[in-house]
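S.K.: Build me a model from this:
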Amino acid sequence: MFVDYLYEVEENVAIILMADVKKFHFFSFELFYIVLTANEDEIEKRIRKRGDLDMIERAKFLKRELDSMAENIGHLYDNTNKDIDEMVEEIVLDKFKL
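M.R.: Below you'll find the predicted structure:
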């Protein structure tokens, strides 16, 4: 199973997510938490390419929020200037296991 979600700044989002995950303690599974991110210049470049210019400042704000959340320490992966093959090669899943 793969869970992908867009982080939005709401109070206790990460805490609620983890509480929901703990409800499934009776299942046998491993959970990996990886936050893919990039530097602000790269984020702006990607957004400009998509044409969502009104989202640039919001995305930069969210990036700073993600970087400062204690829940994300050790789970951030900066994919600035990396292609998919490089990311697959570099990401060591055990590092991101919860």
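S.K.: Check which helix or strand residue 36 maps to.
M.R.: Of the helices and strands defined by DSSP states H and E, residue 36 is found in strand 35-37.
S.K.: Give me the neighbour count for the closest residue to residue 33 other than its chain neighbours.
M.R.: Closest residue to residue 33 apart from its sequence neighbours, by Cβ to Cβ, 6 or more residues apart in numbering: residue 75 at 4.9 Å. From N, CA and C alone the C-beta is placed, and that goes for glycine too. If you count neighbours by other Cβ atoms under 10 Å, residue 75 ends up with 16.
S.K.: What of residue 63?
M.R.: By other Cβ under 10 Å, neighbour count at residue 63 equals 17.
S.K.: In three-state terms, how would it be classified?
M.R.: helix (DSSP: H, G, I helix; E, B strand; the rest coil).
S.K.: Let me see the contact set for it.
M.R.: By Cβ atoms under 8 Å, 6 or more residues apart in numbering, the residues touching residue 63 are 37-38, 40, 43.
S.K.: and those, which are buried?
M.R.: Neighbour-count burial (16 or more other Cβ atoms under 10 Å) applied to the contacts of residue 63 gives 37-38, 43.
S.K.: ok so, going back, same list (the contacts of residue 63) but as CSV, adding pLDDT.
M.R.: Formatted as CSV, the contacts of residue 63 follow (pLDDT from 0 to 100):
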residue, pLDDT
37, 90
38, 93
40, 94
43, 92
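S.K.: Closest one to residue 80 out of those residues, please.
M.R.: Among those, residue 38 lies closest to residue 80 (Cβ to Cβ), at 4.4 Å.
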